[in-house]
Structures are given as structure tokens and as C-alpha cells.
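**Student:** coordinates for the following, if possible.
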Amino acid sequence: MTRTYLSHIFRFAPSPNGYLHLGHAYSALINHEMAQTSGGSLLLRIEDIDIARCRPEFEQAIYEDLRWLGLSWEEPVRRQSEHFDAYAQALTRLEQQGLVYPCFCSRGEVAGVLSAHPDWPRDPDGSPLYPGTCKHLSPSERRARLAAGQPAALRLDMEAGLAAVNARLGQKIGWQEYGSGMQGREVSAEPVLWGDAVLSRKDIPASYHIAVVVDDALQGVTDVVRGEDLFMATGLHRLLQILLELPAPCYHHHELLRDAAGRKLSKSLRAKSLRTLRHEGMTPDEVKAQFGLLRRNFAFVP
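**Tutor:** Model (predicted):
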């Protein structure tokens, strides 16, 4: 299938829960390059739904680091923490379709159930699939717990969601995955691998999965360019897009930068930040040189 968009809209969407590292720079530069080459535009989104971990100084550092790299983006910047109402509306739509249910389990309770089953299936991120403890509660018991003020997350009823999609489409779902150029390949989505995924947590009114599909639709994003660690999550995102009747972007999942041990660069593993590299004397051109010629590796022919 060939792209038919009149205008391409890309987005770079970091979380301000730490300083950007080379892996972030790599993804940001690819998005910026593809936007420029296609004659499209680049959006910057601050994914700060985890208000307990996100901090203003990290958000400010994002702007400073990206400007240091020579990048520009459309204004205004969308901050997810300012749009919880949009995610709540999406969750309400799913609830009205009978596709979500409250989950009262704590992480410890789930871990306790699964500890007796070392071979329990896991999702693509390595987390054990939810055993369905609260899925089988009666409506009256759910109402009683909610009325008593018991905190609850919201989980997607994967079985019901897949049935709803099958009833609407009568076929398997997928997405268009692009390498370089205009020709893409159809990838079959496997959302079932995620089980009854959490769409809102007890302490955060939206999950990454629900927020990202709502934001991409509201911002008119046509091309999602992100790391290959999110490749499998696209199956879940496509399911949510169909259930919420949202448009499907095209996707490009690029390789990840890794450390000497083969681990992807991450904040949790204390990858050296861009601001540290800058203070050590590295220039933007030297950063870009580490990635090779982006135009050659990620050519985008409009």
C-alpha cells in the first residue's frame, strides 16, 4: 500500500522523568529528518501522565536539549497532564460498550497469585498476564466495592474487545509498517498477547496506551516513528483505535541504541544524558555523526 497523505505530521513524545540520552536524540533526529524530507511537520508532546515521577526541571531540559541539537517543532507543545479529561472520555466510551472493568487487585496480590505458577504467560514487556481475578466479580460486588471507596484500576476486557472488532470488521487487524520510502508492509496485530491490559491505574487516571492513541488522533498524527521496543504495543494500540473509532497512523519502528552489554539505553540504567555529553564538550554535529547519515538510512520520498 502506498501513502496517500497530503501532509505528514510526525511527533516526538518524551517523558520528563529524567534527562534525555543518546537514544532519545536518535529518535528525535529521525522524526525531524523525516518531517523535513516529506515536507511535513514535527510535533513535540510531553508525556507526563505519571505526575509522581515527572518533574518540571526534566521538562525544561527536554526543550534545551532538543534546541541544542538544532531541532524545531510546531507550537503549542501538548502536555498530557493537561488533558486527562480527553482520556476519561475515551475510557467512558469503552465502558459504555462493556469493554472495561474495574480491577481492585494490588500488585502484591497479583504477584502472590502468580508466584505459584512460574510458567505463567507474560506479555511482550515481560509482565505476567493478569489472571482475571476481578473480571469474574458480579456487577453487585463491583458496585459495592466502588461505593465503599475501594481504589480500582480499569482493565480492558481483551476477549470482549476482540469480539467487538471481529463483529465490526470480520477480519484480523493490522497496521502499515514502513521502512524507508513510500512502500509499506501490512503487519498482523496481536493484541491478545497483552491480555487484559491496564488502561487507567489507581493512582493515574490514564495509561500510556490509552493516552497515546487519543493524543495521536487529536493531534492528527499521520506517521508514528518510535523505537522497536514499542513494536508489539502497536497491536494493542490498533485495537484501541478501532474500538474508539480513531484513525490509524502509519508506523516506523527504528532500531534501538544499546550499551556495551547489549542493553537498550535507558534512564533507569543511568545512560549518560545529553546535558552531560554537552558539558563534556560534545557538539551536536558529533552526536549526529554517531548515528551515520540519517538521510541515507531513513530516506523519505514524498
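
**Student:** where's Leu66, which helix or strand?
**Tutor:** helix 56-68 (DSSP states H and E).

**Student:** touching, Ser7 and Gly40? I think so.
**Tutor:** Yes - assessed by Cβ atoms under 8 Å, Ser7 is found in contact with Gly40 at 5.9 Å. Glycine gets a C-beta too; all of them are placed from N, C-alpha and C.

**Student:** now do the helices in the stretch 1-150 of the chain.
**Tutor:** Here the stretch 1-150 of the chain has its helices, by DSSP state H, counting those that start in this stretch, at 22-38, 56-68, 84-96, 107-115, 139-147.

**Student:** reformat those as a markdown table; add distance to His209 and mean pLDDT.
**Tutor:** Listed next are these as a markdown table, based on distance: least, Cβ to Cβ, whole Å; pLDDT from 0 to 100:
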| stretch | distance to His209 | mean pLDDT |
| --- | --- | --- |
| helix 22-38 | 19 | 92 |
| helix 56-68 | 22 | 97 |
| helix 84-96 | 10 | 98 |
| helix 107-115 | 18 | 77 |
| helix 139-147 | 22 | 95 |
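
**Student:** just those helices: most buried one?
**Tutor:** Neighbour counts (mean count of other Cβ atoms under 10 Å) averaged over each of the helices of the stretch 1-150 of the chain peak at helix 22-38, with a mean of 21.

**Student:** roughly how far out does it sit from the chain middle?
**Tutor:** 17 Å (Cα atoms, centre = their mean, to the nearest Å).

**Student:** sorry, back to before: elements contacting the helix holding Leu66?
**Tutor:** helix 22-38, strand 41-46, helix 274-279 (3 or more Cβ pairs under 8 Å, 6 or more residues apart in numbering; DSSP states H and E).

**Student:** about what we covered before: more neighbours: Ser7 and Gly40, which one.
**Tutor:** In this comparison of Ser7 against Gly40, neighbours counted by other Cβ atoms under 10 Å, the higher total goes to Gly40 at 19 against 10.

**Student:** ramachandran angles for the closest residue to the more buried one other than its chain neighbours?
**Tutor:** Leaving aside its sequence neighbours, Gly40 sits nearest to His8 (Cβ to Cβ, 6 or more residues apart in numbering; 3.1 Å). His8 adopts backbone torsions of phi -100, psi 130, taken as degrees, to the nearest 10.
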